[in-house]
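Q: what follows is a predicted protein model with its sequence.
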Amino acid sequence: MPTTVTKNVQDAAYTTVGVGVLGYQQAQVRRRDAQAKLGTVARDAKGQAEKSAKSAQGFLTERADEAKAAISPALTNVREWAEQTGTEIRTRVEPIVGEVLERVEPIVDRVQDKVKELSNRSPNPAPAPKPGGARSGASTSA
C-alpha cells in the first residue's frame with residue numbers, strides 16, 4: 001500500500017508540474033501573439049501617421065500656392081504704382097529744382113561779389129576771433 005500512495009503522490013506531482021509547464025507555454029504563446037498584434041498595430045499607426053503627414057503637407061503646399069497666386073497681382077500692382085509715383089514725383093520736382101537754381105545762382109553771385117568788394121575796401125581786416133570764444137582781458141574771478 002505505501003507504494004500505491006507514493007505512486008499517487010508522484011503522479012500528482014508530475015501532473016502538477018506538467019500543468020504548470022503547459023500553463024507557462026500557453027502564456028508564452030499568448031505573449032508572442034500579443035507582441036505580433038502590437039507590432040501590427042504599431043506599423044499601421046506609423047503608416048497612418050505618415051499618410052496624414054503627407055496629406056497635411058500637400059494641403060499646406062496647395063494653400064501656399066493659392067496665397068502666392070492671390071498676392072502676386074497685388075504685388076505687381078504695388079510695384080507699378082510705386083514706379084508711376086516715382087516718375088510723377090520726378091516730373092514735378094525736377095522743374096522746380098531747376099527753377100530754384102535759376103533764382104538762387106544770381107543771388108549767390110551777387111553775395112560773392114559783395115564779399116569781394118567789401119574785402120577789397122577794408123585795408124585792415126578785423127582779427128579772427130580766438131578759438132573757444134574767450135575774450136581777451138576778461139577775468140573769471142567770482
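A: Great, that's in hand.

Q: state the distance from the most centrally placed residue in the chain to Ser52.
A: In the chain, the centroid-proximal residue (CA atoms, centre = their mean) is Ala64; its distance is 16.5 Å. For Ala64, the distance to Ser52 (CB to CB, to the nearest Å) stands at 18 Å. Where you see a C-beta, it was placed from the backbone N, CA and C, and this is true even at glycine.

Q: ok, Gln84 next?
A: 48 Å.

Q: contacting residues around the residue nearest to the centre of the chain?
A: By CB atoms under 8 Å, 6 or more residues apart in numbering, Ala64 lies in contact with nothing.

Q: before we move on, what SS does it have?
A: Three-state call for Ala64 (DSSP: H, G, I helix; E, B strand; the rest coil): helix.

Q: let me know the secondary structure of Arg31.
A: When classified by three-state DSSP, Arg31 comes out as helix.

Q: mean confidence score for whatever helix or strand Glu50 lives in?
A: If you go by DSSP states H and E, Glu50 is part of helix 2-121. For helix 2-121, the mean per-residue pLDDT is 91.

Q: Ala45: how many residues sit nearby?
A: A count of neighbours around Ala45, defined by other CB atoms under 10 Å, yields 10.

Q: mind checking how far it is from Lys51?
A: Taken as CB to CB, the span from Ala45 to Lys51 is 11 Å.

Q: swap in Arg90?
A: From Arg90 to Lys51 the distance is 58 Å (CB to CB).
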